[in-house]
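In: What shape does this take:
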Amino acid sequence: MRVWKGFVGLAAAVVLGCSGVIVLGDDTNSNTVGGDQNPPSDQVEAPPAPAAPVAPATTSYGALMQSLEAIGIGKPMESLGFNIHGYVEGGYLYDMTVPKDQTPAKTAPGDDILFAGPYKNAFMLNQVDLTVERDMVFLPKGSFDAGFKIEAGYGRDDYFTHSDGILDQHNKQGGTGLDDQLDLLQAYVQVGIPVGTGIIIEGGKFVQLLGYEMIDPTQNLFYTHSYGFSYGRPYTMTGILGNYVFSDETNSNKLSITGGVTRGWNQSLRDNNGDPDAIMQVKETNGVFDCTANLMFGPEGVLPYGPSDYADWWIIPEIIGTWHVADQFSVSGDFLYGDAPGAGLGGVGQAVTVQWFSAAGYLKYQLDPHLSLGTRIEYYHDGRGATTGVGGGDVNYWEATVGAGLTPFPDSPWLDGLSVRPEVRCDWVDKPVLDFSKYSQVTAAIDVYFRF
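Out: Okay, here's the model as predicted:
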């Protein structure tokens, strides 16, 4: 068993690293006097006006809630914190290298776009998502409060996001089922305790904290996902989290800490070994630099190769940073490392340690409200091919994606949630694993989503 002695040091270094970046970002020069000439002595310089407070964040309501407002139901719901919203997404992917599918039937877990396989050259209904939730609107006013979120999805992506014990009969218990699946993505309750800015306790199933990219396609730059998103981290977790933000809603500088225990990677009503995991997150934003540090660790078991494993602990640290260079331009990076004792097979069939590493960079430029341009460059190292499921020795992946985001009606209260995203992507691997025969592939893809 590998004994980890550096958890506390790693967490402290991460927190200090984030804080250091933020402090440097705030060190701006406020001198606006040109040249070296002093002002006349008979002129008294007025003191600078105090900075105006930042307006509290408000919830943005989509077309569904606006429809309810039109019939007199929406406003009373909103005043109590209730919100109903969702999105629908579909797309098409074309493999320009080998147009004809050469892979066997789909397998899971995995990503339905990354290894195009049986999903190439066909229109896909990726996700139809509906969320019902209540925000704790009374907690900022100093009162106890409670909230909840229930999010369900249907589509091709939902085949891969199932957690153990919830609608998982088709992808985790030997079945295949239909291409489009139903999934209960999130279902949790919240309790708000009016201490300071408010302590929030959350319990249930939720989308995991790690990662720059999200399951929700409307939050991503591209239609296709990175290797790190698809293979380097879980999709959902079930457990209990606590969160505290060290600033109120009028402050643009925010430091938040989240931590808790979960049942492990994609575990819900069933668990691979019955032992809990721990997860921690420190996040700081100030409008110039955003920095997030994540740490997940615990006994995950040996899911692909053997029985439950309570002794060997997996550890996944991650750093995510975004530099808002200008109002229209941002640069982001996501760096994740995973170490999993007992998660691979050695030459004589014994369990061995595997490591994986993801480094992804993102550039986004918003030309105007109608058009944005994006680039993603990524390197992914998969020790012993364990996370991508190809097995064998170490596998190294590189990919570069360029694309655009088109919003035809950004000023429409009803159609501002409509977006079209074309992209071109190049992948290269040092082993022939793409379509089980290729070292490289070039794909062109386009998707359309609508938030409501």
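In: from here on, contacts and neighbour counts on C-alpha atoms
Out: Will do.
In: Where does the prediction get shaky in the stretch 51-200 of the chain?
Out: 51-58, 100-118, 170-177 (pLDDT under 70).
In: where do the helices sit along it?
Out: 63-70, 74-79 (DSSP state H, counting those that start in this stretch).
In: buried stuff in the last one?
Out: By neighbour count with 16 or more other CA atoms under 10 Å, helix 74-79 contains the buried residues 74, 75, 77, 78.
In: Kindly report the same for stretch 65-74.
Out: Those would be 65, 66, 74, for stretch 65-74 by 16+ other CA under 10 Å.
In: any chance of these in CSV, with distance to residue 228 too?
Out: Formatted as CSV, these follow (distance: CA to CA, whole Å):
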residue, distance to residue 228
65, 35
66, 37
74, 39
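In: Of the residues you listed, which is the nearest to residue 294?
Out: Nearest to residue 294 among the buried residues of stretch 65-74 is residue 65, at 33.9 Å by CA to CA.
In: How much space separates the spatially closest residue to residue 414 that is not a sequence neighbour from residue 228?
Out: The shortest distance from residue 414 to any non-neighbouring residue, by CA to CA, 6 or more residues apart in numbering, is to residue 63 (5.2 Å). To residue 228, residue 63 is 33 Å away according to CA to CA, to the nearest Å.
In: So for those two, which sits in the more crowded spot?
Out: Counted by other CA atoms under 10 Å, residue 63 and residue 228 do not tie: residue 228 has more neighbours, with 26 against 19.
In: Which residues does the closest residue to that one other than its chain neighbours form beta bridges with?
Out: Using CA to CA, 6+ apart and skipping residues adjacent in sequence, the residue nearest residue 228 is residue 358, 5.5 Å away. In this entry, residue 358 is beta-bridged to residue 336, residue 380, by DSSP bridges.
In: Residue 358: neighbour count?
Out: Neighbourhood size, residue 358 [other CA under 10 Å]: 22.
In: before we move on, what about the one 5 residues further on?
Out: Other residues within reach of residue 363, judged by other CA under 10 Å, total 18.
In: got it, and residue 152?
Out: Neighbourhood size, residue 152 [other CA under 10 Å]: 18.
In: ok, it touching residue 133?
Out: No - contact between residue 152 and residue 133 fails when scored by CA atoms under 8 Å: they sit 11.7 Å apart.
In: from the buried residues of stretch 65-74, which is closest to residue 282?
Out: Nearest member of those to residue 282, counting by CA to CA, is residue 65, at 32.7 Å.
In: In contact with the closest one, which residues?
Out: By CA atoms under 8 Å, 6 or more residues apart in numbering, the contact set of residue 65 is 74, 83, 84, 85.
In: Distance of the third one relative to residue 217?
Out: Pointing back at residue 84 there. Taking CA to CA as the criterion, residue 84 is separated from residue 217 by 18 Å.
In: ok, now the second one?
Out: If you measure residue 83 against residue 217 using CA to CA, the figure is 19 Å.
In: do residue 224 as well
Out: Distance from residue 224 to residue 217, counting by CA to CA: 9 Å.
In: Pretty sure residue 255 sits against residue 290.
Out: No - the criterion here is CA under 8 Å, and residue 255 misses it with residue 290 at 10.0 Å.
In: so residue 66 makes contact with residue 74?
Out: Yes - using CA under 8 Å, residue 66 is in contact with residue 74, at 6.7 Å.
In: Could you look up the SS state of the nearest residue to residue 211 once chain neighbours are set aside?
Out: Computed as CA to CA, 6+ apart, the closest residue to residue 211 that is not its neighbour in sequence is residue 229, at 6.7 Å. Under DSSP: H, G, I helix; E, B strand; the rest coil, residue 229 falls in the helix class.
In: Just give the nearest non-adjacent residue to residue 378, would you?
Out: That would be residue 360: by CA to CA, 6+ apart, it lies 4.2 Å from residue 378.
In: that's a helix at the one you found, yeah?
Out: No - counting by three-state DSSP, residue 360 is not part of a helix but strand.
In: so it makes contact with residue 334?
Out: Yes - Residue 360 lies in contact with residue 334 (CA under 8 Å); the separation is 5.3 Å.
In: Need the residues touching each of those two.
Out: Joint contacts of residue 360 and residue 334 (CA under 8 Å, 6+ apart) do not exist.
In: Show me what secondary structure element comes after the helix or strand where residue 238 lies.
Out: Per DSSP states H and E: residue 238 is located in strand 236-245. Next helix or strand after strand 236-245 toward the C-terminus (DSSP H and E): strand 254-262.
In: show me what contacts residue 392?
Out: 384, 385.
In: Would you enumerate the residues in contact with the residue nearest to residue 228?
Out: Here residue 358 is in contact with 227, 228, 232, 334, 335, 336, 337, 378, 379, 380, 381 (CA under 8 Å, 6+ apart).
In: One more pass at 6 Å, please.
Out: Residue 358 sits next to 228, 335, 336, 379, 380 when contact means CA atoms under 6 Å, 6 or more residues apart in numbering.
In: ok, now residue 388?
Out: By CA under 6 Å, 6+ apart, the contact list for residue 388 reads residue 231.
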